[in-house]
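Colleague: Would you be able to build a 3D model of this:
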Amino acid sequence: MEKIFELIGGVFLMLGSVSLLISAVGLYRMPDFYNRIQIGTKASTFGVFLTIIGVAFIFPGWSPKLLAMLMFILFTNPISSHIIARAAYFTKVPLSNKTKVDKLKEVSEVHLKKVKNKE
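Modeller: Purely as a prediction, here's the structure:
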């Protein structure tokens with residue numbers, strides 16, 4: 001039974017490695033900062049998720065610690081990249097020329113009009 005768990009763990013480790021590789025290629029290929037941070041966050045979170053599951057299958061005694069690590073990564077990685085992306089947007093890091101819609105600009109303009117009307 002232990003060999004089966006090691007095999008399953010190895011499969012998860014390989015899938016996590018492939019996901020992290022795809023993330024690295026995506027970072028290189030994306031046209032601007034915002035697309036890069038998006039692909040880096042989603043693919044790397046998924047890759048780490050699969051890797052931690054693989055390690056949990058290989059070393060079952062580590063499962064509580066690995067679960068805590070997994071929960072920490074699942075909560076902090078998307079939140080931190082969201083904050084970094086908003087900070088970049090408001091410090092005028094340029095969008096790609098291929099960007100067609102800027103929803104945050106539309107929302108910001110509406111919010112600024114409401115604030116000015118209250119004054």
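Colleague: for the residue lying closest to Val48 once chain neighbours are set aside, helix, strand, or coil?
Modeller: With C-beta to C-beta, 6 or more residues apart in numbering as the measure, Ile73 is the residue that lies nearest to Val48, at 5.6 Å, once sequence neighbours are left out. No exception for glycine: its C-beta is placed from N, CA and C like everyone else's. Reducing the assignment to helix, strand or coil with DSSP: H, G, I helix; E, B strand; the rest coil, the entry for Ile73 is helix.
Colleague: Can you report how many residues lie near Ile73?
Modeller: As a burial measure, Ile73 scores 15 neighbours (other C-beta atoms under 10 Å).
Colleague: mind listing what it touches?
Modeller: Counting by C-beta atoms under 8 Å, 6 or more residues apart in numbering, Ile73 makes contact with 45, 48-49, 52.
Colleague: Of these - the most surrounded one?
Modeller: Ile52 (21 neighbours).
Colleague: same for the helix or strand harbouring it, what does it pack against?
Modeller: Ile52 is part of helix 33-58 when elements are defined by DSSP states H and E. The elements that helix 33-58 packs onto, with contact taken as 3 or more C-beta pairs under 8 Å, 6 or more residues apart in numbering; DSSP states H and E, are helix 2-29, helix 63-90.
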